[in-house]
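**Student:** got a predicted structure here, sequence first:
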Amino acid sequence: MNRTSEYEFTVIVPLYNEEDNILRLEKTLSAYLRDSVCRTCILFVNDGSTDGSLAGIRAACGRQKDFYYISFARNCGLSAALKAGFDYVESPFTGYIDADLQTDPEDFNILLPYMKDYDMAIGVRVKRNDSGFKRFQSKFANSFRRMMTGDGATDTGCPLKVFRTAAAREFPMFKGMHRFFPALLLLQDGARYKEVPVSHRQRTAGVSKFTVWNRMMSSFADCFAYRWMRSRYIRYKVSDTNLKDAGRGGAGAAEVR
């Protein structure tokens, strides 16, 4: 049995070569589980790390009863790690946070109450603790993405998000699509998202895996890929069936307390 079904909320933590951050992750995330507004577990997705990350995750999961993990045989990228999380999670709600902990898991408690009325709640980093050049990259890329997708989102790069699991599973996922979650959500009839200010802090261990190329240049190409995909996206609504409990529509029915 997939034990994430026993929880209301699962936090996906994708990581690649974050050996130096594992103990801090364990301490910070276990503290959040005690404070969460609903019953919550952690799902690490090891993206084919070549350092000691997997051993660290296994050890942390052995110490923490609400920690789980899946591990890739090879590095596949952030979008693949998130897709795997969406595929494996069986709780009604799914969250995402980066392993660098530049966002605070305690802020999930700010996002979760909005899930009563929305299909996704996304953090907006109002005070970025990044270099000026990195902030410029993000601002420019976000402006270009909004122009190309019309999603209206302010900060899609913020690594703190909450989804209805049923909605997240419907995202058509390709490499780079993690930057387009608001736009992907809006492909679903009647779906809505909410932006909420959250805190942001400096990385204290490990190194960023993003460069100018994979942060900006590839995201421009992905915008054109999204436009192509949007024009061919399949939408349908079943009006009648004699199948019992058809589909996965009940996955988002739980209440957030």
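**Tutor:** Noted; the coordinates are in hand.

**Student:** tell me where the stretch 1-150 of the chain has helices.
**Tutor:** Applying DSSP state H, counting those that start in this stretch to the stretch 1-150 of the chain gives helices spanning 22-35, 53-63, 78-88, 108-111, 132-149.

**Student:** of all those, which one is nearest Pro182?
**Tutor:** helix 132-149 (8.0 Å; Cβ to Cβ). Heads up, the C-betas are built off the backbone N, CA and C, glycines and all.

**Student:** next helix or strand past the closest one?
**Tutor:** Next along the chain after helix 132-149, taking DSSP states H and E as the criterion, comes strand 160-164.

**Student:** which helices and strands does the helix or strand just after that following strand pack with?
**Tutor:** As assigned by DSSP H and E, the chain's next helix or strand after strand 160-164 is helix 165-169. Here helix 165-169 touches helix 78-88, strand 93-97, going by 3 or more Cβ pairs under 8 Å, 6 or more residues apart in numbering; DSSP states H and E.

**Student:** pick the most buried one from those.
**Tutor:** Greatest average neighbour count among those goes to strand 93-97 (a mean of 27), per mean count of other Cβ atoms under 10 Å.

**Student:** for the most centrally placed residue in the chain, what are its contacts?
**Tutor:** Nearest residue to the geometric centre of the chain (Cα atoms, centre = their mean): Tyr96, 3.2 Å. Shown in contact with Tyr96 (Cβ atoms under 8 Å, 6 or more residues apart in numbering): 11-12, 14, 82, 85, 159-163.

**Student:** tell me the bridge partners for it.
**Tutor:** Using DSSP bridges, the beta-bridge partners of Tyr96 come out as Ile12, Lys161.

**Student:** next, work out how far apart it and Val45 are.
**Tutor:** 10 Å (Cβ to Cβ, to the nearest Å).
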